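>>> okay, predicted coordinates and the sequence, questions at the end:
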Amino acid sequence: MNTPITQKLNELIQQKAISLHVPGHKNMTIGRLDKLKFKMDMTEITGLDDLHHPEEIILESMHSISKHPDYDAYMLVNGTTSGILSVIQAFSSIEGNYLISRNVHKSVFHGIDLTQQQANIMAMTISDTSSQYISPDLNHTHFDNQKLAIMTYPNYYGECFDIREAIEILHEHHIPTLVDEAHGAHFSLPHFPKSALEVGVDYVVQSYHKTLPALTMGSVIYIHKNAPMKEEVIRYLGYFQTSSPSYLVMASIELAHQFFKEYDSTLFFEKKERLIQVLEKTGFEVIKVADPLKMIIRYSGYSGHEIQTWFEAQHVYPELADEYQVLLVLPLWHNQDTYPYDDLLNRIQAIELPAMSKREGTDESFPLPFNEGIYIPRAITSATWIDMDQAINKVLAQHIIPYPPGIPIFLKGERITQNMIKLMRYYLQQGGRVEGINNHKILVKDE
Ligand SMILES: Cc1ncc(COP(=O)(O)O)c(C=O)c1O
């Protein structure tokens, strides 16, 4: 039997691939996951407690991963996704609609699909820096009959907004809040942005694995002591997570939290500055964002996908590329890490950049919708794959999701316009991966 996954992973290890992407342990070179042993992959034998009914070591560990006295922490072994699904499901028994940002992760849409209830989409502001959604525009949002507001903070590109003000406004309207802080598990470290945990949000979910050194799928949901539907949410955590929780993942969350508590960011900022100097000397444009862990790289006249190929030719892997830029997720460098920092600098210096040119075609920015909207999950049972170009006026039967970042640009149930097709074609031309499009075909509802 072939073992293509194992083979490919081995290839990357042999190439000494350098990670500028998640997970935060950067190929086990950051943090203390060397304390984990494969032999620790055990099950709920005597003394190992039970994640779904914690009374002993798991309970003790969850107490110690607390970040704020107002919150209880619950480990998630199936990622932030499982926390998001649980909160949405818990609120399904309440009257009203969900109120969501347009840039919520697909797990939010999946949660809403499961409830088959309506979501109102908030008006949004768009970042001048990254051309991505940045924050809900609460001055142009209606608050009647909303039972739970869900927003992403920070966005994938590490951009932040005034989360305190947003939560205050929503709470004034008696709307409970869920903040998807998947990309902010390291927030509130010295000289990093403040976490949403500091502003009284009801539910905050953090992917420890993305930015801290934890194993993939290790996340934490923080539940405010006064959060409505708390018991229901905890009950659903048992529904949306495996009944065989990984002790390796749980132990890695514990170790990542210990790392977070002890972290001194001085070395990080020193190494980051030197990296920026090398990137700029090589010819790249470096753009800083609110989260110092994220960095945007551009090169005039070339798309992010092209820049990505130059990095990857040196076996350096960025987090993502879009039409304008690549996004890097930096390591939380520390004393005694084994991250190949000097090697990274050498490989960047070895990139031979083509001559700069004026951007062709990429100056045209495709306007993202930023007004309020409605999402009505529809059960579409009968659907057919057809060529994109023949799909005008048909109803989409599946979200269209450029990946990463995994945020739907067109939603199931939307009627397809010429402009939407133009944008889909554009995304494909950029060379990115787009879930929901196969060989230029999309799934449409049979009518
Ligand atoms: C904004 C956002 N929320 C949630 C998730 C899901 O997180 P997880 O992979 O921990 O389930 C992601 C993953 O990419 C994300 O980008």
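All right, it came through fine. Numbering: from 1, shown residues only.
>>> is stretch 85-99 anywhere near the ligand?
No: contact of stretch 85-99 with the ligand (Cβ under 6 Å from any ligand atom) is absent, the minimum separation being 9.5 Å. All C-beta spots, glycine's among them, are computed from the backbone N, C-alpha and C.
>>> just the endpoints, please. Distance across that stretch?
15 Å (Cα to Cα, to the nearest Å).
>>> do the same with stretch 100-111
12 Å.
>>> which parts of this protein belong to which domain?
According to automatic domain parsing, the chain comprises the domains 37-262, 378-445.
>>> now the first one: mean pLDDT?
Model confidence over domain 37-262 averages 96 on the pLDDT scale.
>>> close to the ligand: what parts of this protein are there?
79-81, 105, 107, 152, 156, 180, 182, 207, 219, 405-406.
>>> which one of those residues is nearest to the ligand?
Using Cβ to the nearest ligand atom, Gly79 is the member of those that sits closest to the ligand, with 2.5 Å.
>>> tell me where the stretch 51-200 of the chain has helices.
57-64, 79-90, 106-115, 163-172 (DSSP state H, counting those that start in this stretch).
>>> could you tell me the angle between the longest one and helix 106-115?
The reference is to helix 79-90. 30 degrees (axes from the mean of the first three to the mean of the last three Cα atoms, to 10 degrees).
>>> likewise for the last one?
Following the same axes, to 10 degrees, one obtains 10 degrees for the angle between helix 163-172 and helix 106-115.
>>> now for helix 163-172, which elements pack on it?
Contact analysis of helix 163-172 by 3 or more Cβ pairs under 8 Å, 6 or more residues apart in numbering; DSSP states H and E lists strand 177-180 as its packing neighbours.
>>> and the strand it packs on, what does it pack against?
Against strand 177-180 (3+ Cβ pairs under 8 Å, 6+ apart) you get helix 79-90, strand 146-152, helix 163-172, strand 203-206.
>>> can you put the ones you listed in JSON lines and add mean neighbour count?
Formatted as JSON lines, those follow (neighbours: other Cβ atoms under 10 Å):
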{"stretch": "helix 79-90", "mean neighbour count": "25"}
{"stretch": "strand 146-152", "mean neighbour count": "25"}
{"stretch": "helix 163-172", "mean neighbour count": "17"}
{"stretch": "strand 203-206", "mean neighbour count": "29"}
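>>> export those as TSV, with columns for distance to Lys394.
Listed next are those as TSV, based on distance: least, Cβ to Cβ, whole Å:
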stretch	distance to Lys394
helix 79-90	28
strand 146-152	29
helix 163-172	36
strand 203-206	35
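>>> which of the ones you listed sits closest to Ile13?
helix 79-90 (23.7 Å; Cβ to Cβ).
>>> which other helices and strands does that closest one contact?
Counting contacts by 3+ Cβ pairs under 8 Å, 6+ apart, helix 79-90 packs against strand 71-76, helix 106-115, strand 146-152, strand 177-180, strand 203-206, strand 219-224, helix 230-240.
>>> got the angle for that helix vs strand 146-152?
170 degrees.
>>> how far off strand 71-76 does helix 79-90 point, in degrees?
Interaxial angle, helix 79-90 versus strand 71-76 (the same axes, to 10 degrees): 120 degrees.
>>> by how many degrees do helix 79-90 and helix 230-240 diverge?
Using the same axes, to 10 degrees: helix 79-90 against helix 230-240 is 130 degrees.
>>> run through the residues that contact Gln118.
97-98, 374-377 (Cβ atoms under 8 Å, 6 or more residues apart in numbering).
>>> buried among those? Make that a PyMOL selection.
Buried residues within the contacts of Gln118, by 16 or more other Cβ atoms under 10 Å, are selected in PyMOL with:
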select buried, resi 97+98+375+377
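>>> closest one of the contacts of Gln118 to Asn2?
Pro377 (38.9 Å).
>>> and stretch 130-141, which residues are buried?
By neighbour count with 16+ other Cβ under 10 Å, stretch 130-141 contains the buried residues 130-138, 141.
>>> what's the end-to-end length of it?
End residues of stretch 130-141 are separated by 23 Å (Cα to Cα).
>>> surely Glu372 meets Ala123?
Yes: counting by Cβ atoms under 8 Å, Ala123 is a contact partner of Glu372 at 4.9 Å.
>>> any idea how far the closest residue to Ile169 other than its chain neighbours is from Ile437?
Take Ile169 and drop its neighbours on the chain: the residue closest to it by Cβ to Cβ, 6 or more residues apart in numbering is Leu138, 5.0 Å away. Distance from Leu138 to Ile437, counting by Cβ to Cβ, to the nearest Å: 33 Å.
>>> same deal with Tyr375?
20 Å.
>>> and for Gln241?
31 Å.
>>> same question for Leu9.
27 Å.
>>> what about the two, which has more around it?
Between Leu9 and Ile437, Ile437 has the larger neighbour count (other Cβ atoms under 10 Å), namely 20 against 12.
>>> quick check: phi and psi on that one?
phi -120, psi 120 (degrees, to the nearest 10).
>>> identify the bridge partners of it.
Beta bridges link Ile437 to Ile442 when assigned by DSSP bridges.
>>> who's in contact with it?
Ile437 sits in contact with 388, 400, 424, 427-428, where contact means Cβ under 8 Å, 6+ apart.
>>> and which of those residues is nearest to Tyr74?
The closest of the contacts of Ile437, once distances to Tyr74 are taken by Cβ to Cβ, is Ile400, at 32.9 Å.
>>> now stretch 57-73, how far from the centre of its chain.
23 Å (Cα atoms, centre = their mean, to the nearest Å).
>>> any buried residues in it, and which?
58, 61-62, 65, 67, 70-73.
>>> need the max-distance pair from these.
Checking the buried residues of stretch 57-73 with Cβ to Cβ, the most distant pair is Ile58 and Asp70, at 21.5 Å.
>>> which residue sits closest to Tyr203, ignoring its sequence neighbours?
Excluding the flanking residues, the one nearest Tyr203 by Cβ to Cβ, 6+ apart is Leu178, at 4.3 Å.
>>> that neighbour is in contact with Val205, isn't it?
Yes: if you go by Cβ under 8 Å, Leu178 and Val205 touch, sitting 7.4 Å apart.
>>> please enumerate the shared neighbours of those two.
Overlap of the contact sets of Leu178 and Val205 (by Cβ under 8 Å, 6+ apart) consists of 84, 87.
>>> could you dump the helices of the stretch 51-200 of the chain to a markdown table with distance to Ile253?
Listed next are these as a markdown table, based on distance: least, Cβ to Cβ, whole Å:
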| stretch | distance to Ile253 |
| --- | --- |
| helix 57-64 | 8 |
| helix 79-90 | 11 |
| helix 106-115 | 19 |
| helix 163-172 | 24 |
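>>> nearest to Phe259, out of those helices?
The nearest among the helices of the stretch 51-200 of the chain, by Cβ to Cβ, is helix 57-64 at 13.0 Å.
>>> which residues sit against that closest one?
47-51, 54, 72-75, 250, 253-254, 257.
>>> who is the residue lying closest to Lys445 once chain neighbours are set aside paired with across the strands?
Spatial nearest neighbour of Lys445, chain neighbours left out: Val395 (4.1 Å); criterion: Cβ to Cβ, 6+ apart. Residues in a beta bridge with Val395, per DSSP bridges, are Arg415.
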